[in-house]
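Trainee: Structure for the following, please:
(chains A and B)
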Amino acid sequence: MSFDVFDADESLEEASNVLCISPEISTSKEECCQELLTRCGIPDRIVGVTVASSPGGRMAEWGNAINPMTTELTFIDVSHGGRSAAMSADGFGGQNGALVDVVEVPEVDLRDIGKEITNQLDSDSNETVAVCIDSLTDLLQFESEETLSRFLHVLTTRVNESGAAAHYHIDAHGHPERVFETLSPLFEATVRADPDLG
Amino acid sequence: MAPIQAVLVSSPDEDVVSSLTATLRDRWPTRTATSPDETTRSLDENVTVVVFDTAFEGLSLDDLAAMTTEQSPDAQVLQLGTSMDPNAGRADAVLTHAAETDTICSTVDRLQRRARYNRLLSRFYSLSRARSERASENGTDQSAQEIADIKCELDELAAALDDEDLFDAALGSADGVP
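Mentor: This is a model prediction of the structure:
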């Protein structure tokens, strides 16, 4: 699939942090996510952050982005009142034979979420790490736009320093255009995968 | 022009004030206060670090927190000495009266970075938001360069702070003290 790249200071392969604007439930989101996860090749490890989505659901969507023999998966799974534990576990059970580790964060607390993510980035090893945040739209249900912007600067800085390749999903239909414009300076590149844009 | 990031040394002990001021004034504009009244008069938006001596009678950490919230919202608090009140508000850093000069300077320097990071994050968001609201207008927007420059400085500050300091500065400290 192809998608439009905006505001790119660097090529997608070189960009540590990419904002991905796509409809929340769509094949274009899935395809864009797969492309961004593998923009530097199939990673040794994927760190997925799920809020309204579930680890099992994300794994099912990643398909070829995962090498079941070598890809290590870690999920930071953020629980909250809107989603049950059963939904978190949905789809698990050694899917594709992949190794899966799930870290539960019991509520939407950006400090806790951020620390769990940066803990996953502290490795000194040479393994390639891809990070998928799903999604900023979900976090904006609980936090103000300014607080999210401050959190994202910390996170994008640490991702950049660690050499990981992260992307951050946001719902193309869930916010006014102004929100994307406000957040985009935090990222080295912004991509849009929205079939409605033609 | 570089922003003013002043330090306020607040202690009832004039010897402590003199010693600390001699240590700090070469690097930062330094104000002094030896009473609660002087402390409150010395606070304003230019004060970004308060070195607070817990030997004060009649002025607690909680009192100071209320004063800084009102008058110096970006100020970080360095507590000098241990607090006898277990319910006292948490400071951003704590040193004993016996701390070495280098330790005091490096701690104040760290707190100044936190304060600067916090201020720049606010400025960065404010400019980004304002620019997004003008996005549909025609004409040259010079704020893009300022946003890029602030981002560079934010990145440098973040690289020099550990995770705890970064999250404290960006989101407020864990117990809610700004």
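
Trainee: export the helix or strand harbouring residue B:164 as CSV, just CAs?
Mentor: Using DSSP states H and E, residue B:164 maps to helix B:163-171. As requested, the backbone C-alpha atoms of helix B:163-171 are provided in CSV (Å, rounded to 0.1, in the frame of the first residue of the first chain):
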residue,chain,number,x,y,z
ASP,B,163,13.8,9.7,33.3
GLU,B,164,12.6,10.7,36.8
ASP,B,165,13.5,14.3,36.3
LEU,B,166,12.0,14.4,32.8
PHE,B,167,8.7,13.0,33.8
ASP,B,168,8.6,15.2,36.9
ALA,B,169,9.3,18.3,34.8
ALA,B,170,6.9,17.3,32.1
LEU,B,171,4.0,15.9,34.1
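
Trainee: and that helix, anywhere near chain A?
Mentor: Yes - with Cβ under 8 Å from any Cβ of the partner chain as the criterion, chain A is reached by helix B:163-171 at B:163, B:166, B:167, B:170, B:171. In short, each C-beta sits where N, CA and C put it, glycine included.

Trainee: Report the residue spans of the chain with pLDDT below the cut-off.
Mentor: This is for chain A. Along chain A, segments meeting pLDDT under 70 span A:1-10, A:80-98, A:122-123, A:195-198.

Trainee: I was thinking of chain B, sorry if that wasn't clear
Mentor: B:1-2, B:83-89, B:136-141, B:173-178.

Trainee: And the longest helix seen in it, what does it pack against?
Mentor: Secondary structure of chain B per DSSP state H: the longest helix is helix B:101-133. Packing partners of helix B:101-133 (3 or more Cβ pairs under 8 Å, 6 or more residues apart in numbering or on different chains; DSSP states H and E): helix A:145-162, helix A:177-183, helix B:14-24, strand B:47-53, strand B:76-80, strand B:93-95, helix B:143-159, helix B:163-171.

Trainee: Identify all contacting residues around the first one.
Mentor: Going back to what we said before, that points to helix A:145-162. The contact list for helix A:145-162 (Cβ atoms under 8 Å, 6 or more residues apart in numbering or on different chains) reads A:16-17, A:110, A:114, A:117-118, A:121-123, A:129, A:131, A:136, A:139-140, A:143, A:165-166, A:168, A:179, A:182-183, A:186-187, B:121-122, B:124-125, B:128-129, B:154-155, B:158-159, B:163, B:166-167, B:170-171.

Trainee: Only the buried residues of it, if you could.
Mentor: By neighbour count on 16 or more other Cβ atoms under 10 Å in any protein chain shown, the buried set for helix A:145-162 is A:145-160, A:162.

Trainee: so who does whichever residue of chain B sits closest to chain A touch?
Mentor: Residue nearest to chain A within chain B (Cβ to the nearest Cβ): residue B:132, separated by 3.4 Å. Listed by Cβ under 8 Å, 6+ apart, the contact set of residue B:132 reads A:177, A:178, A:179, A:180, A:181, A:182.

Trainee: could you dump the residues you listed to a markdown table with distance to chain B?
Mentor: Listed next are the contacts of residue B:132 as a markdown table, based on distance: Cβ to the nearest Cβ, whole Å:
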| residue | distance to chain B |
| --- | --- |
| A:177 | 7 |
| A:178 | 4 |
| A:179 | 8 |
| A:180 | 8 |
| A:181 | 3 |
| A:182 | 4 |
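
Trainee: most surrounded residue in the residues you listed?
Mentor: Neighbour tally across those (other Cβ atoms under 10 Å in any protein chain shown): the maximum, 25 neighbours, falls on residue A:182.

Trainee: Would you mind listing what in chain B touches chain A?
Mentor: B:121-122, B:124-125, B:128-129, B:131-133, B:135, B:147-148, B:151, B:154-155, B:158-159, B:163, B:166-167, B:170-171, B:174.

Trainee: For PyMOL, what selects the buried ones among these?
Mentor: For the buried members of the residues of chain B next to chain A, the matching PyMOL selection, counting by 16+ other Cβ under 10 Å, is:
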select buried, chain B and resi 121+124+125+128+129+131+132+147+151+154+158+163+166+167+170+171
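
Trainee: Could you list the contact residues of chain A toward chain B?
Mentor: Going by Cβ under 8 Å from any Cβ, the residues of chain A near chain B are A:110-111, A:114-115, A:118, A:145-147, A:149-151, A:153-154, A:157-158, A:160-161, A:177-183, A:185-186.

Trainee: can you do 6 Å?
Mentor: Residues of chain A found near chain B (Cβ under 6 Å from any Cβ of the partner chain) are A:110-111, A:114, A:118, A:146, A:149-150, A:153-154, A:157, A:178, A:181-182, A:185.

Trainee: biggest separation within those, which pair?
Mentor: Greatest spatial distance among these (Cβ to Cβ): A:118 and A:178, at 29.1 Å.

Trainee: what residues are up against residue A:49?
Mentor: Neighbouring residues of residue A:49 by Cβ atoms under 6 Å, 6 or more residues apart in numbering or on different chains: A:76, A:133.

Trainee: Surely it is in a helix?
Mentor: No - if the criterion is DSSP: H, G, I helix; E, B strand; the rest coil, then residue A:49 is strand and not within a helix.

Trainee: Can you tell me how far it is from chain B?
Mentor: Per Cβ to the nearest Cβ, to the nearest Å, residue A:49 is found 16 Å from chain B.

Trainee: State the helix or strand in which the closest residue to residue B:119 other than its chain neighbours lies.
Mentor: Nearest residue to residue B:119 in three dimensions, chain neighbours excluded: residue B:74, at 5.5 Å (Cβ to Cβ, 6 or more residues apart in numbering or on different chains). Under the criterion DSSP H and E, no helix or strand holds residue B:74.
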